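Colleague: coordinates only, sequence not included:
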């Protein structure tokens, strides 16, 4: 019984730490875990609880999956990394349930809804419902909430920069762009 309690407490502690690291837009200290940090957490857990049973393995796997959620409940502005002076007028608004929408501030807020699935190293976007287009975004770098990568089949590196001052529930791209002029 004591061994199970120790395992449970170690996993619960790791889950608490990791959930704090993947906090959404509400914090300007939003950080993502690197592969090295994930390995370090795995080693700490294994050191604390020894060999894990099936329940511990499943809990650890869920905690690590949560750490690979690159996009959180937030508004992100998307632009090309190579642009010297990017317009920063195209937005991805993420809800906390794997859904969201895009808005083009230069086109009066035109956009499309999407669903997304996040895995280690990639995010799959399904635009416009079940019959819509699907794109896979390959994550090349994630640092302090800023995500860089490219969509499969393209060479252009894109940057998704979080806008911590924007509310995803009430975001309007035209109003936002007018407010920062």
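Modeller: Noted; the coordinates are in hand. Keep in mind it's a predicted model, so treat the numbers as computed, not measured. Numbers count the residues shown, from 1 in each chain.
Colleague: ok, the host helix or strand of residue 135: who's next to it in the sheet?
Modeller: Residue 135 belongs to strand 134-143 when assigned by DSSP states H and E. Partners of strand 134-143 in the sheet, by DSSP bridges, are strand 122-127 (antiparallel), strand 146-151 (antiparallel).
Colleague: and of these, who's closest to residue 137?
Modeller: Closest of the strands paired with strand 134-143 to residue 137 is strand 122-127, at 4.5 Å (criterion: Cβ to Cβ). Every residue, glycine included, has its C-beta placed from N, CA and C.
Colleague: and that closest one, which residues are buried?
Modeller: 123, 125-127 (16 or more other Cβ atoms under 10 Å).
Colleague: buried residues in the strand holding residue 135, which are they?
Modeller: 135, 137, 139, 142.
Colleague: closest to residue 87 among the residues you listed?
Modeller: Nearest to residue 87 among the buried residues of strand 134-143: residue 137, at 20.0 Å, using Cβ to Cβ.
Colleague: surely that closest one meets residue 125?
Modeller: Yes. Contact status for residue 137 versus residue 125: in contact at 6.5 Å, counting by Cβ atoms under 8 Å.
Colleague: partner strands of the helix or strand where residue 160 lies, parallel or antiparallel?
Modeller: If you go by DSSP H and E, residue 160 is part of strand 158-162. Partners of strand 158-162 in the sheet, by DSSP bridges, are strand 74-80 (antiparallel), strand 146-151 (antiparallel).
Colleague: which of these is buried the deepest?
Modeller: Highest mean neighbour count of the strands paired with strand 158-162: strand 74-80, a mean of 20 (counted as mean count of other Cβ atoms under 10 Å).
Colleague: ok, then the element right after it?
Modeller: Beyond strand 74-80 toward the C-terminal end (DSSP H and E), the next one is strand 90-94.
Colleague: which other helices and strands contact that next one?
Modeller: Packing partners of strand 90-94 (3 or more Cβ pairs under 8 Å, 6 or more residues apart in numbering; DSSP states H and E): strand 74-80, strand 99-104.
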